[in-house]
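S.K.: this one's sequence-less:
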């Protein structure tokens, strides 16, 4: 029997606020254990949550970027479960009236564009972090209370590839809003996958398995592909699929059963009595709209229309917000857009890839890149020297102008200095002059080479070329 | 003590007839003398009270009403550095590291926190018998309960160990013990007093309020503790507050007062009902307009309240797990045993019962029929009050159906105990302010007149209360132990 | 009817335990209270908006300003078991 695959994704995204969602503790859990915690984070007797408006606005921004219907009236609920890193034994989240519902993300598989529905977005708090040793576990509450949004897709993806694309596009859209780093490897984006199979044409969904512990989009695709096959084989053997939670195991490239869900958890959602309801009026929506950064789509338009970049270049530059922002900043400093695009997509990307660096973690600054490109445009340095300068500034962050000056890397474009050299050279190489006049273009390369040798490569090649041609004509 | 009210004591301090240190010394002498009979306190804060009184005397500025005045606090309100237990074994040795907003306000006003008062465990009870530590006795008759859950707060004031205290009221926990002990207890409008630092029982119902020997003192204390607090998202806007002493002496002429018909019938002792009618006569004579009103949905108030309060409590109390603070069982081999044994050993019977009821009411398949249904009936009850308050300034009725009952007499039947709250619960469900004011005696025990006001209109409650108190002088009668 | 099994299940959710002897008495009492709650079933609440909070507040928020509490030492002091500034608990068996 052949089966139809049904995939739904639940994505948690950490919001980059300065303080936690319900307590004023700083959001910075790279810090020492429990240093960024207070009585609220520890759920001390008598404490109360006060929500962070910025976190809600950030959620609102993502909801808008995902074309969602905003619930004008929403509120928080308590989700009850007991766990050492969940200090109140309830998580403040949204169950009954979440922030927004019914949005979509477009994916493009096999040349076809498909809209994947988004069920809802809710705003909630993160838990602390547990680490495990043999007999004990240890709780660090620095992360407790970090604002999260959970983006719940509809079960509308029919292949691991669609899921992969959904995740890629979701990451990109959220990243361009600037509210999150959306990095799987750092946990600022987390993915749970749900997959079930059903016979083609069936109108009921099959029983699903949830897959956790997925650390990259590639793993998500691999895990879903594995799970798809596993369930199909089980069904063909006549087995029943039970509601279950599995985890992706990278070493064996398989999903492993964690637990069966037998209705043992009952979250007893109840409206949060400590936080008044939230009403989102037009002013709030306008405020968020006004502060929404330019979307990738708008950026591509601007790059191709205003800056005359190719469609291809515009697309590559808008793969990440980092890159696109860097490009914009460099161009705003006066660098030629086409040259900037070429350097970012070529030498810069090459360097970052070989060093496994993110653009923002490298030492390159828009100022230095812009200065370098302006020097090329003005003819101050050759493109050959530019390569060297770029490498240096990427590695050490050296200031380009002073580096070029100190190392005397500027080209010689002074005709008054170069002309006597050219004259002398032609005087000494009458044969080459004759060869050129007889149609041997190669002769000029020899002559140029001589000048470059004499100037240790610093003569402006274009200028030398022009001077030689002009002088030969006279002879 | 030689003083009958905070107002008297304040005058004496201001006139330097007595020093703050003398007041504190006398207070602790009284406490030591009376506590063996009353058992109102869970912990005392003698040493630092004396030290603080010394500092106050040194400064010598008694212009603030509360400067140098000893008060006591219900033990579910956290006090920095002073053990706070909510009368539960699960918090037996818990020392808070911050002050509740109300405590901070009292301290800033110069008041001296003498100790923490006994109560029903986590404020769940109507008799202070569910305390894990001791049974507080009624100031008038030590075989009777002091009421609850703020039994310690009311008995300490009635026995004149202190002249003012703070209690909390979730379903009547200030008003009922105030009535049983013949003192003045006010439950403010929901949102009038900050809940920051108040150990949550039922978050949408809990309010802190003052208990005093007379009305004026009560208004003074509310003036200090009420106000907006940015640490409590349910705290009312600044514009909701006014000076509660402002209308104190305006009398009751032309006040429109509704006497709640439904409060005088079922289960209410005829003598208690009679006392309310007497009060109505006195008020009418003084020019108030009195009419009977009906609140048809309050007959559902008790089950409605117990579903909502227990549901909220079940989630509020889930944090007591033995991991971060408080009691931890010695009997565990793994995490699950740590949780279950800590909670099973740490909570008393009544608290566990409410957690169970609440967990049930919120669980899958029952949420709609219980929690949501109760929340809808809460709307009906609230609307009853709204409708009536469109035409009346205040409502009156009894605080309790009977005077204080005997210790141990209702322990076996939780439903009978719950039914005792019938007259106080509706006010919490609707978030309204209400006071219990001494209204004479039935069978030698004090009873209370309940005065219910519009939201944030505590001023008018105090106005009626002050007039009635001056007229009846019930507050001048003191229990034997305080004479 | 709430069965003893159901009462046990609720106790598990609430992280409480009743011995078999206690369970007998408790279940009866529990049933009585639930029966009392059930008297609400007859109230017509069709279309009635539930009340979850008794004030009319909405949109109460804090600005995004971080405050370092400096409470860590005091917080850790209250925890029954602590190691290296972390709260120690019996091993969490992976669900």
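M.R.: Yep, that arrived. Note that this is a predicted model, so its numbers are computed, not measured.
S.K.: For residue C:86, which non-adjacent residue is spatially closest?
M.R.: Counting by Cβ to Cβ, 6 or more residues apart in numbering or on different chains, residue A:138 is the residue found nearest to residue C:86 once chain neighbours are left out, at 3.8 Å. Heads up, the C-betas are built off the backbone N, CA and C, glycines and all.
S.K.: can you tell me which helix in the chain is longest?
M.R.: In the absence of a named chain, chain A is used. Criterion DSSP state H: the longest helix present in chain A is helix A:217-236.
S.K.: not what I meant, chain B
M.R.: Per DSSP H, chain B has its longest helix at helix B:20-38.
S.K.: residue ranges of the strands in chain C, please?
M.R.: For chain C, strands defined by DSSP state E occupy the ranges C:82-83, C:86-90.
S.K.: Please identify the most buried of these.
M.R.: Of all these, strand C:86-90 has the most neighbours on average by mean count of other Cβ atoms under 10 Å in any protein chain shown, namely a mean of 22.
S.K.: and that one, what does it pack onto?
M.R.: Contact analysis of strand C:86-90 by 3 or more Cβ pairs under 8 Å, 6 or more residues apart in numbering or on different chains; DSSP states H and E lists strand A:136-140, helix B:335-346 as its packing neighbours.
S.K.: which other residues reach it?
M.R.: A:33-34, A:84, A:131, A:135-141, B:323-324, B:332-335, B:338, C:76, C:79, C:81-82 (Cβ atoms under 8 Å, 6 or more residues apart in numbering or on different chains).
S.K.: Not counting its neighbours along the chain, what's nearest residue B:142?
M.R.: Spatially, and ignoring its direct neighbours in sequence, residue B:142 is nearest to residue B:37 (5.8 Å; Cβ to Cβ, 6+ apart).
S.K.: correction: residue A:384
M.R.: residue A:457 (7.5 Å).
S.K.: likewise residue A:388?
M.R.: Nearest to residue A:388 is residue A:409, by Cβ to Cβ, 6+ apart, at 7.5 Å.
S.K.: and the residue nearest to residue C:13 when sequence neighbours are not counted, what element?
M.R.: Nearest in space to residue C:13, with sequence neighbours left out and distances taken as Cβ to Cβ, 6+ apart, is residue B:359 at 5.3 Å. Using DSSP states H and E, residue B:359 falls within helix B:349-362.
S.K.: who in chain C is up against chain A?
M.R.: C:13, C:15, C:52-53, C:55, C:57-69, C:71-72, C:75-76, C:83-92, C:94-95 (Cβ under 8 Å from any Cβ of the partner chain).
S.K.: ok, residue B:220 touching residue B:7?
M.R.: Yes - if you go by Cβ atoms under 8 Å, residue B:220 and residue B:7 touch, sitting 7.3 Å apart.
S.K.: okay, these two: which has more neighbours?
M.R.: residue B:220 (23 against 17; other Cβ atoms under 10 Å in any protein chain shown).
S.K.: So that one, which state does it fall into?
M.R.: When classified by DSSP: H, G, I helix; E, B strand; the rest coil, residue B:220 comes out as helix.
S.K.: Looking at it now. What's its pLDDT?
M.R.: In this model, residue B:220 is scored at 98, pLDDT.
S.K.: what's around the residue nearest to it when sequence neighbours are not counted, how many residues?
M.R.: Sequence neighbours aside, residue B:65 is the residue nearest to residue B:220 in space, at 5.2 Å (criterion: Cβ to Cβ, 6+ apart). Residue B:65 has 21 neighbours, counted by other Cβ under 10 Å.
S.K.: Low-confidence stretches in chain C?
M.R.: C:94-95 (pLDDT under 70).
S.K.: ok, back up a step: contacts only, for the residue nearest to residue A:384.
M.R.: A:382, A:384-385.
S.K.: residue contacts, residue 11?
M.R.: I'll assume chain A. Contact partners of residue A:11, counting by Cβ under 8 Å, 6+ apart, are A:150-153, A:167, A:170, A:189-192.
S.K.: Please refer instead to chain C.
M.R.: B:356, C:17-18.
S.K.: what do you get if the cut-off is 6 Å, keeping everything else the same?
M.R.: residue C:18 (Cβ atoms under 6 Å, 6 or more residues apart in numbering or on different chains).
S.K.: And for residue B:212?
M.R.: B:164, B:184, B:218.
S.K.: how near is the closest residue to the last one other than its chain neighbours to chain A?
M.R.: Nearest residue to residue B:218 in three dimensions, chain neighbours excluded: residue B:212, at 4.4 Å (Cβ to Cβ, 6+ apart). Residue B:212 is 24 Å from chain A, where distance means Cβ to the nearest Cβ, to the nearest Å.
S.K.: May I see the buried residues of the longest helix of chain B?
M.R.: Within helix B:20-38, the residues that count as buried by 16 or more other Cβ atoms under 10 Å in any protein chain shown are B:20-21, B:23-24, B:27-28, B:30-31, B:34-35, B:38.
S.K.: re the thing from before, now do the same for the residue nearest to residue A:384: helix, strand or coil?
M.R.: coil.
S.K.: Now the phi/psi pair for it, please.
M.R.: Main-chain torsions, residue A:457, degrees, to the nearest 10: phi 80, psi 0.
S.K.: For the stretch 51-200 of chain A, which segments are assigned as strands?
M.R.: Secondary structure of the stretch 51-200 of chain A (DSSP state E, counting those that start in this stretch): strands located at A:69-70, A:73-74, A:77-80, A:90-93, A:100-109, A:112-125, A:129-132, A:136-140, A:147-153, A:189-199.
S.K.: now the ones you listed in CSV, with mean pLDDT and mean neighbour count?
M.R.: Shown next, in CSV, are these (pLDDT from 0 to 100; neighbours: other Cβ atoms under 10 Å in any protein chain shown):
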stretch, mean pLDDT, mean neighbour count
strand A:69-70, 98, 15
strand A:73-74, 98, 16
strand A:77-80, 98, 23
strand A:90-93, 98, 21
strand A:100-109, 95, 18
strand A:112-125, 97, 19
strand A:129-132, 94, 14
strand A:136-140, 97, 21
strand A:147-153, 98, 24
strand A:189-199, 96, 21
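S.K.: Relative to residue C:30, which of the ones you listed is closest?
M.R.: strand A:77-80 (19.4 Å; Cβ to Cβ).
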